[in-house]
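Novice: Mind looking at a prediction? Sequence and model below.
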Amino acid sequence: MGAARAASTNPNVLYASQILGKPILDVQGEPIGRVQDVVVQFGSGPHPPVKGLVARQGHRDFYLDWSQVAELSPAGARLATPKVDLRAFERRPGEVLLRKDVLDKQLIDVNGRRLVRANDLQLARVYGRYRLVGVDVSFQAIARRLGPHALAGRFRGSRLIDWADVESFTTDVPTVRLRVPHARVARLHPVEIAQIMEDLAPRQSQEVLASLDDETAAEAMQEMDPDDAADLLENLNQERAADILEEMEPDDAADVLAEMDEERAAALLHLMEPDEAADVRELLTYAEDSAAGMMTTEFVSLPRHLTAADALQRLRELEEPPEQLYDLYVIDAFDNQRLTGVVPLRDLVLASSEAALSALSQPPHPVSPGISAREAAAIMAEYNLVMLPVVDEDERLLGVVSVDDAMELLLPEPHEWLAPSRIFRP
């Protein structure tokens, strides 16, 4: 179909606002009602076909199949058959009403990576049948609906988005069991998915979250405000919520659980895998605004006597390497975890295979778990560190603070310095 067409003068192109409320004439040209709504069939390709019209006569709504419609234009509809079934309209599976379910609702503009409002809807005649082809998100669409003289000259030009590039919500059609997989939303960057979900109504956010796989959902949750993420997970099935928490970084999972009711958080921890739950429980014991409260337990530490070749082999054998793997932490031994140095991954890869980790290691810049999170972030900025180790009083490695968490403290919120167009458009 290609991009939605903006030419309103094209006789094969109509806007929903042009036909809603217009008269319906029988074969003799006598009015029998008005166009109350337009019925389209979802699940029939990227541009849903018009299946029929909902006509209103007095206080009664009845259905007109598209086969009964001879003409549809800004003047209204004209029937092709003298017989009309006046039984009350009942929605069938997959049917969506453009006025009731889509018009004025929020939609996801997948290409624009943002939410839009359906100010008007564009239909185009293709091989004898109208299809829903575009969404008009402009102010001009509002003026068009208010009437030909409303706001005349103030807004010029429609701003159309191809219907194939938007996703609607099942929750806007509560009486119909539709499946909207949101597969295109799942392919967006986790930051973009998080921003979209934070801007949606709760029921719509739940719908998007439910459509994502566990890994994608976890990545998006990590980019959200912990309080918002907690609200979403609290309304999910507990088993599914626990699966998503397992996929999250331990520090992010702990931040989310800390915002939940204690009973709910305990129940989710109980459903998580023991190892993942243990890491999160440990992090929950620390103050949120401390270095330990900001750290993650996802890091790699190896004994100082190993060679570079041994270390690289250990890294290859890891079942789930940390998401952020920049440094390797050198310890005395596994049984004491006493931190003695740090080896940047770059140095490890470039070193000779026989070189010992003790020879490659650089002095660490560890901090104690109780220092403030902001102080830890300042140290990272001062020493230009990507990761900051956190050690206890015996210098045992407890976890590491990542630079992205530190920057969240030092930088203002993105909306304070980044234009919306830059947030959503790379």
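Specialist: Perfect, I can see it now. Residues are numbered from 1 along each chain as shown.
Novice: Cross-check the contact I'm expecting between Ser353 and Ala309.
Specialist: Yes - using C-beta atoms under 8 Å, Ser353 is in contact with Ala309, at 3.7 Å. Any C-beta I mention is one placed from the backbone N, CA and C, and that applies to glycine too.
Novice: Who has more neighbours out of those two?
Specialist: Neighbour count, other C-beta atoms under 10 Å: between Ser353 and Ala309, Ala309 has more, with 14 against 11.
Novice: pretty sure the more buried one contacts Val349?
Specialist: No - look at Ala309 against Val349 with C-beta under 8 Å: they stay out of range, at 11.2 Å.
Novice: so where's this structure uncertain?
Specialist: 1-9, 147-158, 171-181, 412-426 (pLDDT under 70).
Novice: And Gly341, which helix or strand is it part of?
Specialist: strand 339-344 (DSSP states H and E).
Novice: What lies in contact with the next helix or strand after that strand?
Specialist: Counting by DSSP H and E, the next helix or strand C-terminal to strand 339-344 is helix 345-350. For helix 345-350, contacts defined as C-beta atoms under 8 Å, 6 or more residues apart in numbering pick out 308, 311-312, 325-328, 360.
Novice: Which one of these is nearest to Arg87?
Specialist: Among the contacts of helix 345-350, Leu325 lies closest to Arg87 (C-beta to C-beta), at 65.7 Å.
Novice: So that closest one: helix, strand or coil?
Specialist: Under DSSP: H, G, I helix; E, B strand; the rest coil, the three-state class of Leu325 is coil.
Novice: Look up how far Leu410 lies from it.
Specialist: Per C-beta to C-beta, to the nearest Å, Leu325 is found 23 Å from Leu410.
Novice: mind listing what's buried in stretch 232-251?
Specialist: The neighbour-count check on stretch 232-251 (16 or more other C-beta atoms under 10 Å) flags 232-234, 236, 241-251 as buried.
Novice: how about the helices in the stretch 201-350 of the chain?
Specialist: Along the stretch 201-350 of the chain, the segments classed as helices by DSSP state H, counting those that start in this stretch run 202-211, 214-222, 226-234, 238-247, 250-258, 262-271, 274-284, 291-294, 308-316, 345-350.
Novice: Give me the distance from the first one to the chain's centre.
Specialist: Read it as helix 202-211. The chain centroid and the centroid of helix 202-211 are separated by 9 Å under C-alpha atoms, centre = their mean, to the nearest Å.
Novice: Which neighbouring elements make contact with it?
Specialist: helix 183-186, helix 190-199, helix 226-234 (3 or more C-beta pairs under 8 Å, 6 or more residues apart in numbering; DSSP states H and E).
Novice: how about a markdown table for those helices, with distance to Val96 added?
Specialist: Listed next are the helices and strands packed on helix 202-211 as a markdown table, based on distance: least, C-beta to C-beta, whole Å:
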| stretch | distance to Val96 |
| --- | --- |
| helix 183-186 | 18 |
| helix 190-199 | 21 |
| helix 226-234 | 26 |
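Novice: For Ala218, find the nearest of those helices.
Specialist: helix 190-199 (8.7 Å).
Novice: coming back round to it: give the buried residues for the strand holding Gly341.
Specialist: Quick answer for strand 339-344 (16+ other C-beta under 10 Å): 339-344.
Novice: Check these against Thr170 and report the nearest one.
Specialist: Nearest member of the buried residues of strand 339-344 to Thr170, counting by C-beta to C-beta, is Pro344, at 48.2 Å.
Novice: tally of neighbours for the closest residue to the closest one other than its chain neighbours?
Specialist: Distance criterion C-beta to C-beta, 6 or more residues apart in numbering; nearest residue to Pro344, sequence neighbours excluded, is Asp327 at 5.6 Å. Asp327: 24 surrounding residues under other C-beta under 10 Å.
Novice: what does Gln57 give?
Specialist: Gln57, neighbours per other C-beta under 10 Å, totals 15.
Novice: okay, now the nearest residue to Pro82 once chain neighbours are set aside: neighbour count?
Specialist: Leaving aside its sequence neighbours, Pro82 sits nearest to Val27 (C-beta to C-beta, 6+ apart; 5.2 Å). For Val27, the count of nearby residues is 12 (other C-beta under 10 Å).
Novice: Which among the contacts of helix 345-350 count as buried?
Specialist: 308, 311-312, 326-328, 360.
Novice: Report the two of the residues you listed separated the most.
Specialist: So, the buried ones among the contacts of helix 345-350 by C-beta to C-beta: farthest apart are Ala308 and Tyr326, at 16.4 Å.
Novice: So the spatially most central residue of the chain versus Leu411, what's the distance?
Specialist: Taking C-alpha atoms, centre = their mean as the criterion, Ile193 is the residue nearest the geometric centre of the chain, at 2.5 Å. Distance of Ile193 to Leu411, given as C-beta to C-beta: 21 Å.
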